[in-house]
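Trainee: Below are the sequence and a predicted model for it; my questions follow.
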Amino acid sequence: MSIDEILKTDDVNDFIPALSDHVEQKCGYDGNMDALSDPERIFLIALTCEIEVNNGGFAQYFYNSSGNFAGELENAFREVGAVKLAEICRTALDAFGAELSSDAEERRELLAKLKSDEIDNVLDECDTAFYRYEEDLNSLIYAYVLKNKADFS
């Protein structure tokens, strides 16, 4: 499906996965974010976090390669208008008391060193808060993309 066809899709449940496939293809399915515009990058970072957290929580998000973009996470959610989710992400990041590396191996080593019940409890609380879905993330993402559609190619 072309980007023009995707942007004409008015059903958010069809729109989000179609755009996700398109943007992931554009960055070569390997996180080559340099191939993306800023709005495409924000879209992918927010969506990837949602997928990872729903699949295994923030612990999984930070451990996996998607965590390479943890430093951009709070901003991505703020940009799409998901202020509560941005705050949840900030709390999850602050649990470590240190900036997480964008290098997966360095981050995994740090996570192993910092592992504690206290951090696990904070991440569990963040997971629970995230799962409440107090904001309609798909609708916010949809509106964000349409507002920035000139930057999606």
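Mentor: Received it, and whenever you're ready, just let me know what you need.
Trainee: What is the neighbour count of residue 147?
Mentor: 12 (other C-beta atoms under 10 Å). Backbone N, C-alpha and C define where each C-beta goes, glycine included.
Trainee: And it, how far from residue 76?
Mentor: Distance of residue 147 to residue 76, computed by C-beta to C-beta, to the nearest Å: 15 Å.
Trainee: Any buried residues in the helix or strand containing residue 106, and which?
Mentor: If you go by DSSP states H and E, residue 106 is part of helix 104-114. Buried positions in helix 104-114, judged by neighbour count with 16 or more other C-beta atoms under 10 Å: 104, 107, 110, 111.
Trainee: Alpha carbons of that helix, in PDB - could you do that?
Mentor: Output in PDB follows, covering the C-alpha atoms of helix 104-114 (Å, rounded to 0.1, in the frame of the first residue of the first chain):
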ATOM      1  CA  ALA A 104      21.900  -2.300  23.400                       C
ATOM      2  CA  GLU A 105      24.900  -4.200  24.900                       C
ATOM      3  CA  GLU A 106      25.900  -1.300  27.100                       C
ATOM      4  CA  ARG A 107      22.300  -0.900  28.200                       C
ATOM      5  CA  ARG A 108      21.900  -4.600  29.000                       C
ATOM      6  CA  GLU A 109      25.100  -4.500  31.100                       C
ATOM      7  CA  LEU A 110      23.900  -1.500  33.000                       C
ATOM      8  CA  LEU A 111      20.400  -3.100  33.500                       C
ATOM      9  CA  ALA A 112      22.000  -6.200  34.900                       C
ATOM     10  CA  LYS A 113      24.100  -4.200  37.300                       C
ATOM     11  CA  LEU A 114      21.200  -2.000  38.400                       C
END
